[in-house]
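Trainee: Sequence and predicted model, in that order:
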Amino acid sequence: MMERIDWEVIKNYKALTTKSGENLYMSLLERFKTNIFDELKSLKEFQETESYDELARLSHKLKSSTGNLGMLSASETLNEIEESITVHKKQDFSYFQGLVLRVETEVNLLLQEISEKV
């Protein structure tokens, strides 16, 4: 089974600080937390309204930010959403409903697990 969290990425970020002396990983994580719940809401709305271009675009953006934070399982699912739309031209309401739900669940679990360990 694939690793859910890339602890090496987190370890490397934690070794770095921002100009103000703040831990870089914690700074990125806090910024991520301020936006992610609105973005997950938008992801769900795009899925429910079958706005596939917007769903692919937001999935691409979130894939990058979750990947940069070491959230492998969420990043992988977001990549699946994006590629299903852009590469495979898939338009299947219940398929994307399941993937969006998985992203929401994973992000919440990953945030909890990372917060407990860093």
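Mentor: Perfect, I can see it now.

Trainee: how about the helices in the chain?
Mentor: 7-14, 24-48, 52-68, 72-86, 93-117 (DSSP state H).

Trainee: which residues are in contact with the shortest one?
Mentor: Under the contact criterion Cβ atoms under 8 Å, 6 or more residues apart in numbering, helix 7-14 has outside partners 23-26, 28, 68-70, 114, 118. Every residue, glycine included, has its C-beta placed from N, CA and C.

Trainee: can you put the helices of the chain in JSON lines and add mean neighbour count and mean pLDDT?
Mentor: What follows is the helices of the chain, written out as JSON lines (neighbours: other Cβ atoms under 10 Å; pLDDT from 0 to 100):
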{"stretch": "helix 7-14", "mean neighbour count": "14", "mean pLDDT": "92"}
{"stretch": "helix 24-48", "mean neighbour count": "16", "mean pLDDT": "96"}
{"stretch": "helix 52-68", "mean neighbour count": "19", "mean pLDDT": "97"}
{"stretch": "helix 72-86", "mean neighbour count": "21", "mean pLDDT": "97"}
{"stretch": "helix 93-117", "mean neighbour count": "16", "mean pLDDT": "96"}
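
Trainee: and G98, how far is that from E8?
Mentor: 30 Å (Cβ to Cβ, to the nearest Å).

Trainee: And for K33?
Mentor: Distance from K33 to E8, by Cβ to Cβ: 22 Å.

Trainee: try E82
Mentor: From E82 to E8 the distance is 24 Å (Cβ to Cβ).

Trainee: Equivalent analysis for L69, please.
Mentor: The value you get for L69 to E8, if Cβ to Cβ is used, is 12 Å.

Trainee: so Q97 makes contact with Q47?
Mentor: Yes - taking contacts as Cβ atoms under 8 Å, Q97 lies within contact range of Q47: 6.0 Å.

Trainee: List the contacts of Y95.
Mentor: Going by Cβ under 8 Å, 6+ apart, the list of residues near Y95 reads S84.
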